[in-house]
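*Asks:* using only what follows, build the 3D model:
(chains A and B)
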Amino acid sequence: MTYDIAIIGGGIMGCSTALRVVAGGMKAIVLDQGDLGQGASGVNAGTLSLQIKRVKLMPYALKGHHLWEEMGAAVGFAKTGGYTLAFNDREAELLKERQTMKAEAGAPIEFVSNNRLRAAEPGLTQKVVAASYCAEDGYANSSLTGQYYRGCLQDAGIEYREQNAVTAIKKLKAGIFEIATPQGVVYAKRLLLAAGAWLKPLAALLDVNLPVNARINTVSVTERMPPLMSSVIGHATGLLTMKQKANGTVLIGGGWQGRGTPQEGRGEVDVASVRPNLALAQYALPALGDARVLRSWTGFEANVPDFYPLAGALPNVPDAYVLGCVRGGYTIGPYIGQLMGNFILGREPEMPLFDPGRTFQEDTI
Amino acid sequence: MTDVFDIAVVGAGPAGGNAALAAARNGLRVVLLDEQPQAGGQVWRAKSAAILKAPKTIETLAGDVLRRAIASSDVTHLHGARVWQISREGDNWQCHILRDGKSEPVQATSLILAPGAREYVQPVQGWTTPGVIGLAGATALFKQNLIVPGQRTVVSGTGPLVFYVASEIRRLGGEVAGIVTPNTRRDWLQALPVMLGKPKLLMRGAVWMVDLMLARVPIYWGHTVTEVLGTTQVSGVQVSKLDADWTPKMQVTTLQADSLCLGHGLIPQIEAAQMLGVGITHDPASGGWVPNAQDDGSTNIGNLYLCGDGTGIRGADAAAVQGRVTGMRAASDLGSDTDQDMRAAHNEWRRAAGFGMAMTALSIPRAGMARWTTAETIVCRCEGIIKQSVLGEVATGAATTNAVKSGVRAGMGPCGGKYCQTAVAALIADHKGTDVSNIAPPTPRPPLRPVPLGALAGSFDYDDLPIPKPAPL
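*Replies:* Now for the predicted structure:
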């Protein structure tokens, strides 16, 4: 049989696009090289914080937040509010400048006094110089991503194949894509590449060079602890995120870099980078020093030189699309997947997509 | 510690201790890293200071020989050193150790991993009740502190350890309510030819058996404990007869006891090797998943060697010889002329390994073990996850141990899945109608053992933290 669309990559973006195009009447199949939702979608820190989203992506992040809230308990959603902290004058300046721009872009961010911060989070260090607060912030449990979307695909009757890495893609004369996998050949009229950090080698199968790099973000988790904090805690630089889950474990992230490449498989935790990450966490919340770290791991986050998403038609290959490289992809993923689905269905998306064929410029202000 | 050793050996049991000695004897600078206060590992464990006057066993004597040899060698033995992460830094291996509450790196050109084994306990209803301990855990109590698990104990499980544990409990003044073993007399008869090659051990086994018989300790051959009774403390166990694939046929009796020693063979500790990129193969005769290594310890990764029960369960004697062979191989690869005939050592290892294999064979899991658990039985004891939850996750499509871990947290607790992954894999395999050799263990993650966050962070000045450029606005 020939599917209307084959989606390669069963993470948040691939699955949410699949759900949208199938709701729009298409017959879709999702292919994943591993398990659904076990790439960046399933190993990130799960932070849903508008305070760490990019200014230009804020409208998308706001939409994303609402979708996570709707998914609710099934994805471990919790709206706790979040504080972002500055520990010196330089960071306070950075905080002021950045959070003001984000507030202007629509995030309900306010600056708070030390007294208010201490009343809300008495476990935090007394060395906070400035802090901002966003009531919309919270988290979801990224390890439930696979379970959640597997259930959604099943409920929608969407076929998916796990442990099934695509080895070759050919466009036949009739305009049909022929996709070779260990579980057999798949034929589809359209193709969506949504393979995250593996987009570059995947697009190369169609002779398209996507300028995709991978960041190797590190996350650590502690054993169950008595209550230490009740909101999501961040740092002015964005280099710390932490939250205590309902079960008492504390999850610590912030984009500290590990080692490895997506091509080689899983990344490797770098002691030289995980130590300052944990030190920053302990500095913010001294009682964390006694918590035992149970696991540290890495996840590959795809990006392009301007750090904006790839969302639209794949250059030079008719009927092929690409979705990925969304900074803050966990937050925005469910929404941008819907936009992508509408685009593939030929409908006008309610917000603009991000042309993968654009000229990339460094944009790292 | 900034200087670079020639060889770092992780684990100071029979394998690691002998590997370190062999490498040092051949002129290399060796550092031996071990978590325990004294060398010896689990089997050759040292007694605590309080019980030094207690009678010595074969194991403590063998351990004493090893400890004396290490003390009088040039090996740098860092005891109380918990290796929590290993990485490649340039041309060297870097072991991050936690010692005296601080994390520090130890560097070496070559690395020998001798992490040993851990015990497998097949979950049964009530196995997490206070008063239940592992068979191997019980031996540690005896060796180090001369403590018995309770006043009246049932000893249950596979292989020779049940008889050793039962006779030690009696020797230390405890009462054994019964021995319950899935193995039959026929299983043991099949191991007899190999045992005849080890007359000392056979004799020792005979002494245990005579003692147990004289004391009229009931032995339930071909039986298992199917339920542990009691809520806050063990009050007794249900015993059921097993058929050939170890499916419980019928419940035969209830034994009153306040404690239970339970264990079903040993599992190689493969996580460190896996994290360094060594592939793994499923081999039930070796205790399950084993890392791919040659008999002389070499691997497909340069300057990385593996030896001892961490490469397949062959027992302490084989581990000691394999450690010696691996130490020589590592020394030879670094340019030393080795002092002993490798071939002779190889043959010695094969003989010792043959005996270990016969003992391991008694613990090879059989299909019926899956039926020792009920839907309500806890499978992941760190997180309190019951079998029904795991089965539900598998039934709705989770096809790997990683997917089950993500979905229901089986393996996300302090043990990192070391204790539940075998049972979880068996449930997945059973559901998919495939062999457990097709269900890989979950991805291992550092730290190798839990480490206090403060120790990892170390002491620091805030202004010195290497904080990179903030993310793009």
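*Asks:* report the distance from stretch A:200-220 to the chain centre.
*Replies:* In terms of C-alpha atoms, centre = their mean, to the nearest Å, the centre of stretch A:200-220 is found 15 Å from the chain centre.
*Asks:* got the buried residues for it?
*Replies:* A:200, A:202-203, A:205-206, A:208, A:210, A:212, A:214-220 (16 or more other C-beta atoms under 10 Å in any protein chain shown). Backbone N, C-alpha and C define where each C-beta goes, glycine included.
*Asks:* okay, and which of those residues map to strands?
*Replies:* A:Ala214, A:Arg215, A:Ile216, A:Asn217, A:Thr218, A:Val219, A:Ser220 (DSSP state E).
*Asks:* could you give the bridge partners of the fifth one?
*Replies:* Same thing as A:Thr218. Per DSSP bridges, the residues bridged to A:Thr218 are A:Thr298.
*Asks:* just the closest residue of chain B to chain A, please.
*Replies:* Ranking the residues of chain B by distance to chain A (C-beta to the nearest C-beta) places B:Gly454 first, at 3.0 Å.
*Asks:* where does the stretch 151-300 of chain B come near chain A, residue by residue?
*Replies:* With C-beta under 8 Å from any C-beta of the partner chain as the criterion, the stretch 151-300 of chain B meets chain A at residues B:Met275.
*Asks:* mind listing the helices for the stretch 151-300 of chain B?
*Replies:* B:161-171, B:185-196, B:199-214, B:271-275 (DSSP state H, counting those that start in this stretch).
*Asks:* just want the angle from the longest one to helix B:185-196.
*Replies:* So that's helix B:199-214. Relative orientation of helix B:199-214 versus helix B:185-196 (axes from the mean of the first three to the mean of the last three C-alpha atoms, to 10 degrees): 140 degrees.
*Asks:* report the distance from helix B:199-214 to the chain centre.
*Replies:* Distance of helix B:199-214 from the chain centroid (C-alpha atoms, centre = their mean) equals 25 Å.
*Asks:* tell me the buried residues in that helix?
*Replies:* Residues of helix B:199-214 classed as buried: B:Leu201, B:Arg204, B:Gly205, B:Trp208, B:Leu212 (neighbour count, 16+ other C-beta under 10 Å).
*Asks:* and stretch A:225-236, by the same measure?
*Replies:* Residues A:Met225, A:Leu228, A:Met229, A:Ser231, A:Val232, A:Ile233, A:Gly234, A:His235, A:Ala236 are the ones in stretch A:225-236 that count as buried (16+ other C-beta under 10 Å).
*Asks:* chain B next: which of those are close?
*Replies:* A:Ala236.
*Asks:* low-confidence stretches in chain A?
*Replies:* A:362-365 (pLDDT under 70).
*Asks:* the closest residue to A:Val269 other than its chain neighbours: what secondary structure?
*Replies:* What sits nearest to A:Val269 in space, not counting adjacent residues and going by C-beta to C-beta, 6 or more residues apart in numbering or on different chains, is A:Ser296, at 4.6 Å. Using DSSP: H, G, I helix; E, B strand; the rest coil, the secondary structure recorded for A:Ser296 is strand.
*Asks:* A:Ser296 contacts A:Thr218, correct?
*Replies:* Yes: when contacts are counted by C-beta atoms under 8 Å, A:Ser296 is listed as touching A:Thr218 (6.1 Å).
*Asks:* show me the common contact partners of the two, please.
*Replies:* Residues touching both A:Ser296 and A:Thr218 by C-beta atoms under 8 Å, 6 or more residues apart in numbering or on different chains: A:Val269, A:Val274.
*Asks:* A:Gln99: which of the helices of the stretch 151-300 of chain B is closest?
*Replies:* Nearest to A:Gln99 among the helices of the stretch 151-300 of chain B is helix B:271-275; the distance by C-beta to C-beta comes to 39.2 Å.
*Asks:* quick one: contacts for residue 43?
*Replies:* Defaulting to chain A. Residues counted as contacts of A:Val43 (C-beta under 8 Å, 6+ apart) are A:Ser142, A:Ser143, A:Val219, A:Trp297, A:Thr298, A:Gly299.
*Asks:* try again with chain B
*Replies:* Neighbours of B:Val43 in contact, by C-beta under 8 Å, 6+ apart: B:Gly13, B:Pro14, B:Glu59, B:Gly63, B:Thr139, B:Ala316.
*Asks:* that older thread, and of the helices of the stretch 151-300 of chain B, who's closest to B:Ile86?
*Replies:* Per C-beta to C-beta, nearest to B:Ile86 of the helices of the stretch 151-300 of chain B: helix B:271-275, 6.2 Å.
*Asks:* in chain A, what residue comes closest to chain B?
*Replies:* Counting by C-beta to the nearest C-beta, chain A gets nearest chain B through A:Gly289, at 3.0 Å.
*Asks:* that residue: neighbour count?
*Replies:* A:Gly289 has 17 neighbours, counted by other C-beta atoms under 10 Å in any protein chain shown.
*Asks:* quick check: closest non-adjacent residue to it.
*Replies:* B:Gly454 is the one closest to A:Gly289 (C-beta to C-beta, 6+ apart), at 3.0 Å.
*Asks:* could you do A:Cys152 as well?
*Replies:* In this structure, A:Cys152 finds its nearest non-sequential neighbour in A:Leu19, 5.9 Å apart by C-beta to C-beta, 6+ apart.
*Asks:* any idea which element the one you found lies in?
*Replies:* Per DSSP states H and E, A:Leu19 falls inside helix A:12-23.
*Asks:* quick check: buried residues in that helix?
*Replies:* Applying 16+ other C-beta under 10 Å to helix A:12-23 flags A:Ile12, A:Met13, A:Gly14, A:Cys15, A:Ser16, A:Thr17, A:Ala18, A:Leu19, A:Arg20, A:Val21, A:Val22 as buried.
*Asks:* now for it, which elements pack on it?
*Replies:* Applying 3 or more C-beta pairs under 8 Å, 6 or more residues apart in numbering or on different chains; DSSP states H and E, one finds that helix A:12-23 contacts strand A:2-8, strand A:28-31, helix A:145-155, strand A:320-324, helix A:329-344.
*Asks:* returning to that earlier point: out of the helices of the stretch 151-300 of chain B, nearest to A:Leu251?
*Replies:* Across those, the minimum distance to A:Leu251, taken as C-beta to C-beta, is reached by helix B:271-275, at 21.1 Å.
*Asks:* before I go, just wanted to say thanks for your time.
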